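1. Predicted coordinates and the sequence they were generated for:
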Amino acid sequence: MMQNTARTRTVIWLLVTFLAIRESTARKKNRLKFRKDQPHEVVVDTGDQKIQVVIQGINKVNPPDDPGGLGCADVQIVLDLSCSISRKMKIKSRDIAKVISADFLSSFDPSIGLKVRVGIIVYAETVRQILPLDNNMTNKEVVDILGQLNLTKHDEHCRTMTHLALEEARTILSTNKRRNDAQIIYLFTDGLTFYRRHRKKLYQTKDKLTDEGVILNVVRIPHRKNEARHIMAAKDEFDKLPHHLETNIFNGTDPDVANAIVDQFKKDAPCQQTA
């Protein structure tokens, strides 16, 4: 009887070991595939022009189904580059920003003559302006600036100070307001502001943005470990920050996220007709 039990344990141990080795081998193959995968181009065809956007090979970001839609707005893109986000997801955030920027900047209302303006800030423990909102850059130049964005650590502790970044975005929009055009923020974040006590300031800024008519969109980016505790901790910000929870929050891991963002942009930023 004891021999049978020992034999059974040995068989189970061998089976578990075999499965663990097979899983480890599969992971290594996947890592090698990611390293070998070459960047590719996504073409944003707006009818009047085609913008080629280079996408990192490991990412999947589809171009909008119906690009180049009519819209008038000031758009502030805010990218979270804190160390709680993996390099892979930082690259994907940047690639999504490339695609939507190329589309937004092609929006043009010939009856009014206003283009969409795009500004870009990045943050971790400090906030850096990459592209001023009031700029004269072409579509290609803006896409190139994003493509050259340095994703390495800039701050000593690299913590997620979203409250500082959102306040900076609010300041930029309030000092650069044009006519009656919409003002829109796209915040890419993992929803884990450090420390949690800073969320009070964060939500106060969000309320001010709402009062000022600014539409805050949130693009959910997973924590680098993406464990259940991180998902639960981020839920508070993902529930409270979007302008409307039903329409202004997006999943950053979705290959069609750019399409969803552009579709909602057309609804949130219609051009005002003049008499």
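-> Ah, there it is.

2. Can you name the residues that contact residue 194?
-> 82, 159-161 (CB atoms under 8 Å, 6 or more residues apart in numbering). Every C-beta, even on glycine, is put in place using the N, C-alpha and C of the backbone.

3. by contact count, what packs against the stretch of helix or strand residue 259 belongs to?
-> Per DSSP states H and E: residue 259 is located in helix 257-268. Judged by 3 or more CB pairs under 8 Å, 6 or more residues apart in numbering; DSSP states H and E, the packing partners of helix 257-268 are helix 87-104, strand 182-189, strand 214-220, strand 249-251.

4. Nearest to residue 147 among the ones you listed would be which one?
-> helix 87-104 (6.7 Å; CB to CB).

5. Okay, angle between the closest one and helix 257-268 too, please.
-> Calculated by axes from the mean of the first three to the mean of the last three CA atoms, to 10 degrees, helix 87-104 forms an angle of 40 degrees with helix 257-268.

6. Report the buried residues of helix 87-104.
-> Neighbour-count burial for helix 87-104, counted by 16 or more other CB atoms under 10 Å, picks out 89-104.

7. Check stretch 229-241 too.
-> Here stretch 229-241 shows 230, 233-234, 237-238, 241 as buried, counting by 16+ other CB under 10 Å.

8. can you pull out the strands in this structure?
-> 40-45, 50-55, 73-80, 108-109, 114-115, 117-123, 127-131, 182-189, 214-220, 249-251 (DSSP state E).

9. Dump the ones you listed to a markdown table, plus distance to residue 266.
-> As requested, the strands of the chain are arranged in a markdown table below (distance: least, CB to CB, whole Å):
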| stretch | distance to residue 266 |
| --- | --- |
| strand 40-45 | 15 |
| strand 50-55 | 18 |
| strand 73-80 | 10 |
| strand 108-109 | 12 |
| strand 114-115 | 15 |
| strand 117-123 | 16 |
| strand 127-131 | 23 |
| strand 182-189 | 11 |
| strand 214-220 | 13 |
| strand 249-251 | 15 |
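
10. what's the closest of those to residue 61?
-> strand 50-55 (5.4 Å).

11. picking up where we left off before, can you list the strands of the chain in a markdown table and add mean neighbour count, mean pLDDT and distance to residue 267?
-> Formatted as a markdown table, the strands of the chain follow (neighbours: other CB atoms under 10 Å; pLDDT from 0 to 100; distance: least, CB to CB, whole Å):
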| stretch | mean neighbour count | mean pLDDT | distance to residue 267 |
| --- | --- | --- | --- |
| strand 40-45 | 15 | 62 | 19 |
| strand 50-55 | 18 | 63 | 22 |
| strand 73-80 | 26 | 96 | 11 |
| strand 108-109 | 18 | 54 | 15 |
| strand 114-115 | 17 | 70 | 18 |
| strand 117-123 | 24 | 95 | 18 |
| strand 127-131 | 16 | 95 | 25 |
| strand 182-189 | 25 | 97 | 10 |
| strand 214-220 | 24 | 98 | 10 |
| strand 249-251 | 18 | 97 | 14 |
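
12. Determine which of the ones you listed approaches residue 62 most closely.
-> With CB to CB as the yardstick, what comes closest out of these is strand 40-45 (7.4 Å).

13. Test my guess that residue 166 contacts residue 78.
-> Yes. Under the contact definition of CB atoms under 8 Å, residue 166 touches residue 78, with a separation of 7.0 Å.

14. shared neighbours, these two?
-> Joint contacts of residue 166 and residue 78 (CB under 8 Å, 6+ apart) are 185, 187.

15. contacting residues for residue 247?
-> 264, 267.
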